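Enquirer: my questions are about this predicted structure, shown below with the sequence.
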Amino acid sequence: MTLLIEWSYIVAAVLFILGLKLLGKQATARHGNLLSAVGMLIAIVGTLLVRGLHYQWIMLGLVIGSVIGAVAAQRVKMTAMPEMVALFNGAGGLASLLVGWVEYHNHRTPDLSAAIPIYLAVLIGGVTLTGSVIAYAKLAEKVQSRPVLFSFQRAVNLGLVLLVLLAGVIFCERPASSYPLFLVIVALSFVLGVLGVIPIGGADMPVVIALLNSYSGLAAAAAGFIIQNTVLIVAGCLVGASGVILTQIMCKAMNRSIFNVLFAGFGSTTAASGEAVTGEAKAIAAESAYYVLEAATQVVFVPGYGMAVAQAQHVLRELADLLEENGAEVRYAIHPVAGRMPGHMNVLLAEADVPYEQLVEMDAINPAMPTMDVAIVVGANDVVNPAAREVPASPIYGMPIINVDQARTVFVLKRSMASGFAGIENPLFFKPNTRMLFGDAKTSLQALVSEFKSG
């Protein structure tokens, strides 16, 4: 029986690795997700084969969790998917914390090799839990998305980190007599999670989600060492490593370091601290925009969070089909940090069955942007803001953007002239080749579709 369990863990680990590899490409992502799910099923069945488990409680937890997950999956909107991911990260951190707490509570005399993973699972799990809750609240705009800063903030955070490390050393040396200290470590981990995320602005939340995802994986790996579960260690390490890699990719896409994201308080100031944006925005009606699009041979769509809010991906695909029937070549330019979470735009466009080959990354589309007859910005803001190239005093100066302002004509679909989630004014709106198509993105796109059909 033991040999069968070990082999099930090996098979599950291999499926996790293969699934993660397939998740790296959009065309194979669904198969990768299914493969990983099969691996998890095998790992669960293998674990349940261990004798002495209380199956009645396991089945109860399985039923409750399945009901909550199914209801949440059905009710969550695509615009709220980043918040859901944040809560999932927090749930993973909480699970690891509880594993460490229960194991320590039941076995109060662990040796050093067991005390260290208990400490790490509780510390990282607690930070992940409260940090993810704050990230959720910022993304859902239940609290202000701007950084919360106060005097001596870095000194306070550094002091708490040193304090929790010192407490960890004492706990690991004398775990049998350190239960009150253990509770202090739990409390400090909660405080560190809150204080670690509140100084980060809402525009940086996609990076924070990726980092917290990595934390949840590390906490799970620590929990695996606690209960001596090989597959949990492997899965936790994979999640932790992939989260770190994704965090680095996103930081590179913003031309910033992880230290700058965590400690710079980005978003506490706006473009007002730099050069004022001046000029006159020129509005355009759907009828006039149709004549420009009807003559276009090269069109690129640049989706953003506004498309997610309006749920405009399906009508966007319909407009793209009409443009292709009219002889135009259509592409979709995807910025790595567009939306509120990694891959947000890719998921939305996949939902509308947009062909994978039409999705083009920022670095690939920018050299071709001067050849584009029309660039249509659908709810994006900060990722197309030319202040990143032109205004040295701008908070986003140096950040790689999609250079839509270099297209012959730019249509910006927005409800108003309001700044984006980062709170920075956008000079694109005042460029001579830019026209503003005001209104709900879905409604504006439907108007363009109607013009094509009637024309």
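Expert: Here it is on my side, so go on. Everything quoted here is computed from the prediction, not taken from an experiment.

Enquirer: please identify the buried residues of the longest helix out of those in the chain?
Expert: Determined from DSSP state H, the single longest helix within the chain is helix 112-139. Buried positions in helix 112-139, judged by neighbour count with 16 or more other Cβ atoms under 10 Å: 114-139. Just so you know, the C-beta spots here come from the backbone N, C-alpha and C atoms, and that holds for glycine as well.

Enquirer: pLDDT weak spots in the stretch 151-300 of the chain?
Expert: 263-278 (pLDDT under 70).

Enquirer: tell me the spacing between the residue nearest the centre of the chain and Ser416.
Expert: Residue closest to the average C-alpha location in the chain (Cα atoms, centre = their mean): Met341, at 2.6 Å. Using Cβ to Cβ, to the nearest Å, one obtains 24 Å as the distance from Met341 to Ser416.

Enquirer: tell me which stretches of this protein form strands.
Expert: 298-303, 329-334, 359-361, 374-378, 409-414, 434-438 (DSSP state E).

Enquirer: mind giving me the packing neighbours of the fifth one?
Expert: Using 3 or more Cβ pairs under 8 Å, 6 or more residues apart in numbering; DSSP states H and E as the contact definition, the elements that strand 409-414 packs against are helix 286-294, strand 374-378, strand 434-438, helix 441-454.

Enquirer: can you put the ones you listed in JSON lines and add mean neighbour count and distance to Val194?
Expert: Shown next, in JSON lines, are these (neighbours: other Cβ atoms under 10 Å; distance: least, Cβ to Cβ, whole Å):
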{"stretch": "helix 286-294", "mean neighbour count": "16", "distance to Val194": "46"}
{"stretch": "strand 374-378", "mean neighbour count": "29", "distance to Val194": "35"}
{"stretch": "strand 434-438", "mean neighbour count": "20", "distance to Val194": "39"}
{"stretch": "helix 441-454", "mean neighbour count": "18", "distance to Val194": "35"}
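
Enquirer: can you redo the ones you listed as a markdown table with distance to Leu94?
Expert: Formatted as a markdown table, the helices and strands packed on strand 409-414 follow (distance: least, Cβ to Cβ, whole Å):
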| stretch | distance to Leu94 |
| --- | --- |
| helix 286-294 | 49 |
| strand 374-378 | 37 |
| strand 434-438 | 44 |
| helix 441-454 | 37 |
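
Enquirer: what's the closest of these to Phe16?
Expert: strand 374-378 (35.7 Å; Cβ to Cβ).

Enquirer: list the contacts of that closest one.
Expert: The contact list for strand 374-378 (Cβ atoms under 8 Å, 6 or more residues apart in numbering) reads 292-293, 296, 298-304, 306-307, 312, 316, 333, 369, 384, 404, 407-413, 428, 441, 445.

Enquirer: having no further points to raise, I will conclude here.
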